[in-house]
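S.K.: Quick one, what's the 3D model for this:
(chains A and B)
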Amino acid sequence: GDSVTQMEGPVTLSEEAFLTINCTYTATGYPSLFWYVQYPGEGLQLLLKATKADDKGSNKGFEATYRKETTSFHLEKGSVQVSDSAVYFCALNNFNKFYFGSGTKLNVKP
Amino acid sequence: GAVVSQHPSWVICKSGTSVKIECRSLDFQATTMFWYRQFPKQSLMLMATSNEGSKATYEQGVEKDKFLINHASLTLSTLTVTSAHPEDSSFYICSAPIMGDPSRNEQFFGPGTRLTVL
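M.R.: Residues are numbered from 1 along each chain as shown, chains lettered A, B, ... in the order given. Model prediction:
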């Protein structure tokens, strides 16, 4: 069945460091791919998305490219801030169903 | 942006009782809503799809008689955990896409409901 695998956390970085959170997926057909962020005490918020191969989603300095050949959708940011500390979920939507990765907690230290 | 609310945000109940959780889309209509549960430090697992005007569809392994879903209107879906037991303690989250093509639209998530069964 469809599934999403993302790197385990927590990931701890200093402010202004480069961030990569790996995400790979297994799916039949042509899923849409998403990154959601969950700040402490809040619900999930869409960070970015890509709906077809080679699309690049971007928002708030975060980027991810839909790579069909490697079935990946890695999240990157060139310079993280303390305010980016949160849990990040990679997800796919296939045939109207969402499948989530296990989440990666990011801690950014000043 | 689109807002989804849940009520209550947390609930504590005794084993054997039933608990109802509401999910509302506040500024848009949703013919479909989704219910997830999230265990500590784990991912969201889809439990069921709530369909306005028809029966919910449940994921494999989810007991439909235990987790009753009613999609009463285009803005409200309810999840009732019947005869709750401690193993039902979890974080329950709902989501809804704006009416249209849910396979391409983003999902809007509620803030979640923390259920603790004593």
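
S.K.: Could you tell me which residues make contact with A:Ala91?
M.R.: For A:Ala91, the contact set (C-beta atoms under 8 Å, 6 or more residues apart in numbering or on different chains) comprises A:Val4, A:Leu33, A:Phe34, A:Trp35, A:Tyr36, A:Phe98, A:Tyr99, A:Phe100, A:Gly101. (Each C-beta comes from the backbone N, C-alpha and C, glycine too.)

S.K.: The second one pairs with what?
M.R.: So the one you mean is A:Leu33. Residues in a beta bridge with A:Leu33, per DSSP bridges, are A:Ala50, A:Leu92.

S.K.: hang on, isn't it packed against A:Ala64?
M.R.: Yes. When contacts are counted by C-beta atoms under 8 Å, A:Leu33 is listed as touching A:Ala64 (7.4 Å).

S.K.: list the buried ones in stretch A:92-99?
M.R.: In terms of neighbour count (16 or more other C-beta atoms under 10 Å in any protein chain shown), stretch A:92-99 has its buried residues at A:Leu92, A:Asn93, A:Asn94, A:Lys97, A:Phe98, A:Tyr99.

S.K.: for stretch A:26-42, that is, sorry about that
M.R.: Of the residues in stretch A:26-42, A:Ala27, A:Pro31, A:Ser32, A:Leu33, A:Phe34, A:Trp35, A:Tyr36, A:Val37, A:Gln38 count as buried by neighbour count, 16+ other C-beta under 10 Å.
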